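**Q** The following block contains a protein sequence and its predicted model.
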Amino acid sequence: MIPDADLRALAAVVPGGVAPGAVDVGGRALRWVETGRGEPTVVLEAGRDDIAVSWAAVMARLGTEGVHVVAYDRAGLGDSDPAPGLPSLERQVSDLAEVIRASARGPCVLVGHSWGGLLAQLLAFAHPELVVGAVLVDPAHEAMLDPLPEPVLRLLRSAEEGRLHGLLQRSGVRRRIVVAGERRAAARLTADRQARALVVRAYARDLAGPDELTGIKRGAHLLHRLRAAPRTFPDVPVVVLSASRGGPRGVRRHWTALQAELAAGAPQGSHRVVAGSGHFIQKERPEAVVGAVHQVIRASTRGVESA
């Protein structure tokens, strides 16, 4: 039986319904949920260890506004089949390219949150022909935690090696944290209790997925190549959204500065700080993400018409 927790949850909150999709990659299925119509297609890439349901509020709006939107699960997360071995940046970028080719109607507008924002940059760098524009939602950066004291960084490195992740998993602490957070997010999303329960259930069943932090160290060479390039984005419209709160102030300021630098380095880049929002802008201020998507679509359409 094909798993469908994402499908059930998103169908409950997206007006007009959603449809499933999948592409076979080496004998494993990468699955997505889509809604709406129109071109270009908007492909949504979730953050680290996150799933398609995290985009529910954005999908609910875009799907009713003449936009074809696709939200997929990376290997081993949500409804997608696991891949052999540990996660790697190369595989995640390759998988994303396969999803775009299979689901989008030509080059897409790529929207990435956090870790997904970093993957979106790598995809645009490696496969510029697949991207007509991008929205990066509080995108991660490998140097974002540099302001932290060395003892704290050592603790985080220990977590990256999987010890803390495994402990939180086995003890049930991670499950309680995730479920509590998603209950709050679901309450903002809909007043329907049954729909809220489906959203929380989609997250709760997914807590045994891979810890994607392992892919950061193993893909360091790709990140070095990206930062060393004279231009990391093709000449397409790019909007970078930053959260206005969350985490230590020094880290937040530094992270936002890195995001502003990223936007300044894109030929058609712009940067915006979303007032009153934490890291999960797509859940707390979905209208900001939707507005940025429409901005990029309009700009990309003008570019095609003038070419």
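**A** Great, that's in hand.
**Q** in the stretch 101-250 of the chain, which ranges drop under the pLDDT threshold?
**A** 155-175, 205-211, 213-217 (pLDDT under 70).
**Q** how about the helices in it?
**A** 115-126, 150-160, 163-171, 173-189, 193-204, 214-218, 220-228, 249-265 (DSSP state H, counting those that start in this stretch).
**Q** Tell me the spacing between residue 235 and residue 266.
**A** The spacing between residue 235 and residue 266, counted by C-beta to C-beta, to the nearest Å, is 9 Å. No exception for glycine: its C-beta is placed from N, CA and C like everyone else's.
**Q** higher neighbour count, those two?
**A** Taking other C-beta atoms under 10 Å, residue 235 and residue 266 do not tie; residue 266 has more neighbours (23 against 11).
**Q** which stretch among the helices of the stretch 101-250 of the chain comes nearest residue 59?
**A** Residue 59 lies closest to helix 173-189 among those, at 10.6 Å (C-beta to C-beta).
**Q** next one: that closest one to chain centre, how far?
**A** 18 Å (C-alpha atoms, centre = their mean, to the nearest Å).
**Q** Quick one: list the elements packing against that helix.
**A** helix 56-62, helix 163-171, helix 193-204, helix 281-284 (3 or more C-beta pairs under 8 Å, 6 or more residues apart in numbering; DSSP states H and E).
**Q** can you list the ones you listed in a markdown table and add mean neighbour count and distance to residue 30?
**A** Converted to a markdown table, the helices and strands packed on helix 173-189 look like this (neighbours: other C-beta atoms under 10 Å; distance: least, C-beta to C-beta, whole Å):
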| stretch | mean neighbour count | distance to residue 30 |
| --- | --- | --- |
| helix 56-62 | 25 | 18 |
| helix 163-171 | 13 | 23 |
| helix 193-204 | 19 | 17 |
| helix 281-284 | 24 | 21 |
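**Q** of all those helices, which lies closest to residue 297?
**A** That would be, of these and by C-beta to C-beta, helix 56-62, which comes in at 9.7 Å.
**Q** follow-up on the earlier one: now the helices and strands packed on helix 173-189 in CSV, with distance to residue 90?
**A** As requested, the helices and strands packed on helix 173-189 are arranged in CSV below (distance: least, C-beta to C-beta, whole Å):
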stretch, distance to residue 90
helix 56-62, 28
helix 163-171, 22
helix 193-204, 27
helix 281-284, 26
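**Q** Alpha carbons of stretch 253-271, as PDB, please.
**A** Provided in PDB are the C-alpha atoms of stretch 253-271 (Å, rounded to 0.1, in the frame of the first residue of the first chain):
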ATOM      1  CA  ARG A 253      22.100  39.200  13.000                       C
ATOM      2  CA  HIS A 254      25.000  37.200  11.400                       C
ATOM      3  CA  TRP A 255      22.600  34.800   9.700                       C
ATOM      4  CA  THR A 256      20.500  37.700   8.300                       C
ATOM      5  CA  ALA A 257      23.700  39.400   7.000                       C
ATOM      6  CA  LEU A 258      24.700  36.200   5.200                       C
ATOM      7  CA  GLN A 259      21.200  36.100   3.600                       C
ATOM      8  CA  ALA A 260      21.400  39.700   2.500                       C
ATOM      9  CA  GLU A 261      24.800  39.000   1.000                       C
ATOM     10  CA  LEU A 262      23.300  36.000  -0.900                       C
ATOM     11  CA  ALA A 263      20.600  38.200  -2.300                       C
ATOM     12  CA  ALA A 264      23.100  41.000  -3.300                       C
ATOM     13  CA  GLY A 265      25.200  38.400  -5.100                       C
ATOM     14  CA  ALA A 266      22.300  37.200  -7.300                       C
ATOM     15  CA  PRO A 267      22.000  39.200 -10.600                       C
ATOM     16  CA  GLN A 268      18.200  39.800  -9.900                       C
ATOM     17  CA  GLY A 269      18.200  39.300  -6.200                       C
ATOM     18  CA  SER A 270      16.300  41.100  -3.400                       C
ATOM     19  CA  HIS A 271      16.200  40.700   0.300                       C
END
